[in-house]
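Visitor: Here is my input; please provide its structure:
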Amino acid sequence: MIVIAGKDSGKTGAVVRAFPKLAQVLVEGVNIKKKHQKPQGRGARKGQILERNFPIHVSNVMLIDPKSGKGTRVSISRKGGGRTRIARKSGIELAS
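Guide: Numbering: from 1, shown residues only. From the prediction side, this is the model:
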């Protein structure tokens, strides 16, 4: 996926997880924020600052065209009772 809008515009990464009800996706290496973690227990876990990926809205990302390496829209083609995704820019079938 390539990010097309926001502070991480132009960055690429693989989708780690999807949240369909929220219309968001978690993209590897994109939308990294610092999360402060409080200490827990008696010396069991120290307090620290962690860098974590946070989800971004699906309208801010696009699939990458395998031919050009740029963002592309997707169309659905029905062949033999199944559905296949096709990149609009190049017409190449995308892997599921």
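Visitor: May I have the secondary structure class of residue 35?
Guide: Following DSSP: H, G, I helix; E, B strand; the rest coil, the label given to residue 35 is strand.
Visitor: Look up how far residue 19 lies from it.
Guide: Plainly put, residue 35 is 18 Å away from residue 19 if you go by Cβ to Cβ, to the nearest Å. Quick note: C-beta positions are derived from backbone N, CA and C, even for glycine.
Visitor: Equivalent analysis for residue 13, please.
Guide: 16 Å.
Visitor: Show me which of those two is the more surrounded one.
Guide: residue 13 (18 against 12; other Cβ atoms under 10 Å).
Visitor: which residue is nearest the middle of the chain?
Guide: residue 27 (3.1 Å; Cα atoms, centre = their mean).
Visitor: show me what contacts the closest residue to that one other than its chain neighbours?
Guide: Spatial nearest neighbour of residue 27, excluding adjacent residues (Cβ to Cβ, 6 or more residues apart in numbering): residue 13 at 4.5 Å. Contacts for residue 13 (Cβ atoms under 8 Å, 6 or more residues apart in numbering) come out as 1, 27, 28, 29, 30.
Visitor: mind checking the SS state of the residue sitting furthest away from the middle of the chain?
Guide: Relative to the centre of the chain, the most outlying C-alpha is that of residue 42, 37.8 Å out, by Cα atoms, centre = their mean. Classification of residue 42 by three-state DSSP places it in coil.
Visitor: what's near enough to touch it?
Guide: So residue 42 contacts nothing (Cβ under 8 Å, 6+ apart).
Visitor: any chance you could read off phi and psi for it?
Guide: Backbone geometry at residue 42, expressed as degrees, to the nearest 10, gives phi -90, psi 90.
Visitor: Residue 16 versus that one, what's the distance?
Guide: From residue 42 to residue 16 the distance is 34 Å (Cβ to Cβ).
Visitor: Name whatever forms a beta bridge with residue 36.
Guide: residue 49 (DSSP bridges).
Visitor: My read is that residue 11 contacts residue 1, right?
Guide: No - the pair residue 11 / residue 1 is not scored as a contact, 9.3 Å apart, by Cβ atoms under 8 Å.
Visitor: No further queries at this time; thank you.
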